[in-house]
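# here is a sequence with its predicted model. Questions after.
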Amino acid sequence: MKNSSGKEIGRCPWVDLSKPDYLAYHDEEWGVPVHDDRLLFEFLTLEGAQAGLSWYTVLRKRENYHHAFAGFDPSQVARFDEREVAALLGNPGIIRNRAKIEAAIGNARSFLAIQEAFGSFDAYLWGFVDGRPIVHELQSLADYPTTSPEGDALSRDLRQRGFKFVGPTICYAHMQAVGMVNDHTLGCFRRQEILAGY
């Protein structure tokens with residue numbers, strides 16, 4: 001992709017340019033600050049499903065997850081029972097791992113409890129970064145952190161509140177995805193666009 005002057009546009013080094021859906025995710029979503037509770041629940045669910053797998057594996061199944069998990073409505077997912085679990089385990093469009101499926105349902109219940117206590121999950125989550133994105137200055141893949149003190153604190157607190165599949169690495173990936181951390185590299189065109197829009 002080139003800009004109006006014909007110069008090649010820089011992107012983060014982890015992006016696979018041969019995969020249009022991966023490219024679109026990077027260019028349109030990754031690192032953009034999210035304050036919508038349903039979308040926050042979606043990312044939390046998908047990142048839990050990713051544990052031990054590549055993000056691209058989950059990204060390709062995202063639409064299937066959307067249908068299987070009631071449009072990522074936490075109030076509906078929280079009411080799933082063993083019948084829904086059995087249906088999910090038989091759904092080839094998602095990752096059929098019982099522990100991850102049951103964690104998503106339990107996490108929905110804990111998510112609702114946080115909404116009740118804080119007014120929104122957004123208010124709770126963004127409190128870990130004082131309401132403003134943390135901006136890193138990264139140049140290469142080697143510069144990318146996999147955890148942070150804020151991510152560690154979020155992981156500990158979520159686990160205390162009953163969440164599962166929310167280890168420090170997953171929590172940091174969540175923070176990157178929903179824009180709590182701007183980890184677009186210095187040479188990436190999205191870095192400044194996101195900073196300018198916040």
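The structure has been received and is ready for your questions.
# what about stretch 69-87, start to end distance?
Start-to-end span of stretch 69-87 (Cα to Cα, to the nearest Å) is 11 Å.
# quick one: mean pLDDT for that stretch?
Mean per-residue pLDDT for stretch 69-87: 97.
# from the chain's centre, how far out does that stretch sit?
Centroid separation for stretch 69-87 versus its chain: 19 Å, with Cα atoms, centre = their mean, to the nearest Å.
# same deal with stretch 117-136?
On the basis of Cα atoms, centre = their mean, stretch 117-136 sits 14 Å off its chain's mean C-alpha point.
# got the CA coordinates for the top helix by length along the chain in CSV?
When the chain is parsed with DSSP state H, its longest helix is helix 98-118. The C-alpha coordinates for helix 98-118 follow below in CSV (Å, rounded to 0.1, in the frame of the first residue of the first chain):
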residue,chain,number,x,y,z
ARG,A,98,-14.1,-27.2,27.0
ALA,A,99,-11.9,-25.3,29.4
LYS,A,100,-11.9,-22.2,27.2
ILE,A,101,-15.6,-22.5,26.5
GLU,A,102,-16.5,-22.8,30.1
ALA,A,103,-14.1,-19.9,31.0
ALA,A,104,-15.8,-17.7,28.5
ILE,A,105,-19.2,-18.4,30.1
GLY,A,106,-17.8,-17.9,33.6
ASN,A,107,-16.0,-14.7,32.5
ALA,A,108,-19.3,-13.3,31.2
ARG,A,109,-20.7,-13.7,34.7
SER,A,110,-17.7,-12.0,36.3
PHE,A,111,-17.9,-9.3,33.6
LEU,A,112,-21.5,-8.5,34.6
ALA,A,113,-20.4,-8.3,38.2
ILE,A,114,-17.7,-5.7,37.3
GLN,A,115,-20.3,-3.7,35.3
GLU,A,116,-22.5,-3.7,38.4
ALA,A,117,-19.7,-2.6,40.7
PHE,A,118,-18.1,0.0,38.4
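# and that helix, what does it pack against?
The contact analysis (3 or more Cβ pairs under 8 Å, 6 or more residues apart in numbering; DSSP states H and E) places helix 98-118 against helix 37-50, helix 74-77, helix 82-89, helix 121-126. Every C-beta, even on glycine, is put in place using the N, C-alpha and C of the backbone.
# if we go to 6 Å?
Counting contacts by 3 or more Cβ pairs under 6 Å, 6 or more residues apart in numbering; DSSP states H and E, helix 98-118 packs against helix 37-50, helix 74-77, helix 121-126.
# angle of the first one against helix 98-118?
An angle of 150 degrees separates the directions of helix 37-50 and helix 98-118 when computed by axes from the mean of the first three to the mean of the last three Cα atoms, to 10 degrees.
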